[in-house]
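Visitor: How does the following fold in three dimensions:
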Amino acid sequence: MSKKGGPAVASILKLIVPAGKATPSPPVGPALGQRGVKSMDFCKQFNDRTKDLILDTPTPVAISIKPDRTFTFAVKSPPTSWLLKRAAGVEKGAAQPGKEVVGTVSLKHIYAIGQIKATDPVMSHIDLKNICKSIIASAKSVGIKVVH
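Guide: Numbers count the residues shown, from 1 in each chain. This next block holds a predicted model:
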C-alpha cells in the first residue's frame, strides 16, 4: 500500500523563552533542531522582537513550523503568576496557598496586569473586568493577598 499524499500541516511548538536572550542552546536549539528549523534564525528574530521588553522576562512564544521548514511565531504576554510575583516583590509562591501569604498586591497592580494580559489575542473577546477576576484568583492560588 502506498501513503496518500494529504495536505501538509504546520506543526506548532510552544516554548517559554527569556525576552531578549534567546540562544541556540537548550531548550530552544534542540526543540527547533528536531523539526529541521535553524535555531539561529529564530533567535535573531525573537531577540529583535522582544528587545523592548525587560531582559529575562519569561515570554511564551508559539512557533508555527511549515513542512518546508519555514516558520512564523507569535510572542505572548508573560505568565500571570510571574507578573504577580514581580508586583508583590517575591521570588517564590506560597508552599501552602490559602494558608500562608507570601506577599500583597493592590487592585491597581491587578488592573495593570489585566491591561498587559488583555493585549493577548486569546483574551481579545474577554472584557477587562473578567480578566482582573481571573488574575485575583491566580493571586490566591500563588499565595498573594489582594488588598483594596
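
Visitor: Out of the helices and strands in the protein, which is least certain?
Guide: helix 28-33 (a mean of 87; mean pLDDT, DSSP states H and E).

Visitor: can you list contacts of the helix or strand hosting Ser81?
Guide: Counting by DSSP states H and E, the element that carries Ser81 is helix 80-88. Contact with helix 80-88 is made by 57-58, 91-93, 102-105, 109, 112-113, 116-117, 134-135, 138-139, 142, 144, as judged by CB atoms under 8 Å, 6 or more residues apart in numbering. For every residue, glycine as well, the C-beta is placed using N, CA and C.

Visitor: now stretch 106-126
Guide: With CB under 8 Å, 6+ apart as the test, stretch 106-126 has contacts from 74, 76-78, 80, 83-84, 87-88, 128, 131-132, 135-136, 139, 146-148.

Visitor: With stretch 50-61 instead?
Guide: 14-22, 46, 73-79, 82.

Visitor: now the longest helix along the chain and helix 80-88, what's the angle there?
Guide: Assignment by DSSP state H gives helix 128-142 as the longest helix of the chain. Between helix 128-142 and helix 80-88, the angle comes out at 80 degrees (axes from the mean of the first three to the mean of the last three CA atoms, to 10 degrees).

Visitor: For the spatially most central residue of the chain, give its distance to Trp82.
Guide: Centroid-nearest residue in the chain: Pro60, 2.7 Å away (criterion: CA atoms, centre = their mean). Distance of Pro60 to Trp82, given as CB to CB, to the nearest Å: 10 Å.

Visitor: And Val61, by the same measure?
Guide: In terms of CB to CB, Val61 sits 15 Å off from Trp82.

Visitor: picking up where we left off before, of the contacts of helix 80-88, which belong to strands?
Guide: Among the contacts of helix 80-88, the ones falling in strands (DSSP state E) are Pro58, Gly103, Thr104, Val105, Ile144.

Visitor: so who does the closest residue to Pro27 other than its chain neighbours touch?
Guide: Take Pro27 and drop its neighbours on the chain: the residue closest to it by CB to CB, 6 or more residues apart in numbering is Leu15, 6.2 Å away. Listed by CB under 8 Å, 6+ apart, the contact partners of Leu15 are Pro27, Val28, Ala31, Pro60, Val61, Ile63.
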